[in-house]
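Visitor: take a look and give me a structure for this.
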Amino acid sequence: MLMSELNNKSNNELLKLVEDLKAELFMLRFKNSTGQLENPHKISLVKKDIAKVFTALNTNDKEKSKAKEKNRRKIKVASAKPKMEIKGGK
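Guide: Sure, this is the predicted structure:
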């Protein structure tokens, strides 16, 4: 699984993918304990895929929060009122 593929997916698709990978990991562990699994290395590959999906979810969330913060800054700057200068003397 490539990170470029994961970065193009939405958060809902990524969450569904995590569920599927966790179910696959459960089945692999079950088969491994009963001695039916031919390639035990597959377990570590699925774990790494789950980690990649969580990384993609985290980066998506960070990018969204950065965009929101940038928009907030623009709004604050645009709505800032100029300070009034007090003129005059005695």
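
Visitor: measure the residue nearest in space to the middle of the chain to Ser33 for me?
Guide: The structure's the chain has its C-alpha centroid closest to Leu57; by Cα atoms, centre = their mean the separation is 1.6 Å. Between Leu57 and Ser33 the computed distance is 29 Å (Cβ to Cβ, to the nearest Å). Glycine gets a C-beta too; all of them are placed from N, C-alpha and C.

Visitor: re earlier: which residues sit in contact with the residue nearest to the centre of the chain?
Guide: Asn11, Leu14, Leu15, Val18 (Cβ atoms under 8 Å, 6 or more residues apart in numbering).

Visitor: need the pLDDT of Leu2.
Guide: As predicted, Leu2 sits at a pLDDT of 88.

Visitor: now do the helices in this structure.
Guide: 3-7, 11-34, 41-79 (DSSP state H).

Visitor: what sits against Lys31?
Guide: Per Cβ under 8 Å, 6+ apart, neighbours of Lys31: Leu37.

Visitor: cool, Lys52 as well?
Guide: Counted by Cβ under 8 Å, 6+ apart, Lys52 has contacts Met1, Met3, Leu6.

Visitor: just the buried ones from the residues you listed, in ChimeraX syntax?
Guide: If you want just the buried ones from these in ChimeraX, going by 16 or more other Cβ atoms under 10 Å, the selection is:
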select :6
